[in-house]
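> can you look at this prediction? I've put the sequence above it.
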Amino acid sequence: VLPSKTLFPGVLLLAHPLLPGPLHRAVILLIEHNQQGSYGIVINKSTNHSVNSGIVNLPDNFKSVFGKKLLFFGGKERRLQCLHDQPLCGGLPIPLCEKPLLAGGDLKDLMKYDDNNKNSFISFYAGCCYWNRNELEKEIDLGCWIPILSQPDKYVKLSYDLAMEEYMNEELDDNDEFDIDNTIPDKKSD
């Protein structure tokens, strides 16, 4: 467990067990943490939707490559997010990882790479979590979040594998759509 003053990208935030709402029992991967604020993605909550059924207004070429992938709940801020293992496709590198893990990146490069390499890891998240300056530290001090130091790539991959196992054994709920911004940022927008 880390004190709130030693936060940095790659830290995992475990929700207090009594935290209510959509972040109940969430595990958040901290992507950015600086003087302007913090940004992370919930990594342990699948939506039971495919990317095609969960996100509207996606380009056809994107749908053909990634449309059948499982969509995860990434947080309450409505914006499509991506984690992947392809450094040549850009994105923000996540520290503390044994294997490459990046957030965001160039979707055109990811589409080319994923189309040619079925062993690549790419996961999509509907939403993300933002905190303004010092908000996350205050929430940690109040006991809402427990920051831990670990190898985030292992937790991301484990959450993905467990969700995929359920995804393959259950029928998806394709009736609802998420109303989110369908752009994936290279960085947190100011």
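Structure's in. What do you need? Residues are numbered from 1 along each chain as shown.
> burial count for Pro100?
15 (other C-beta atoms under 10 Å). Heads up, the C-betas are built off the backbone N, CA and C, glycines and all.
> now do the contacts for it.
By C-beta atoms under 8 Å, 6 or more residues apart in numbering, the contact list for Pro100 reads Asp85, Gln86, Pro87, Pro93, Asp153.
> got any ranges where this protein has weak pLDDT?
Applying pLDDT under 70 to the chain flags the ranges 4, 114-118, 170-190.
> that older thread, which of the contacts of Pro100 fall within strands?
Pro93 (DSSP state E).
> strands of this protein, start to end?
Going by DSSP E, the chain shows strands at 12-15, 27-34, 37-42, 46-50, 70-73, 77-84, 92-93, 102-103, 122-132, 145-148.
> pull out the buried residues from stretch 57-64.
Leu58, Phe62 (16 or more other C-beta atoms under 10 Å).
> could you export that stretch as PDB, CA atoms only?
Output in PDB follows, covering the C-alpha atoms of stretch 57-64 (Å, rounded to 0.1, in the frame of the first residue of the first chain):
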ATOM      1  CA  ASN A  57     -20.600   5.800 -34.900                       C
ATOM      2  CA  LEU A  58     -17.500   3.800 -35.300                       C
ATOM      3  CA  PRO A  59     -15.700   3.700 -38.700                       C
ATOM      4  CA  ASP A  60     -16.400   0.600 -40.800                       C
ATOM      5  CA  ASN A  61     -12.700  -0.400 -41.000                       C
ATOM      6  CA  PHE A  62     -12.500  -0.100 -37.200                       C
ATOM      7  CA  LYS A  63     -15.600  -2.300 -36.800                       C
ATOM      8  CA  SER A  64     -14.300  -5.000 -39.100                       C
END
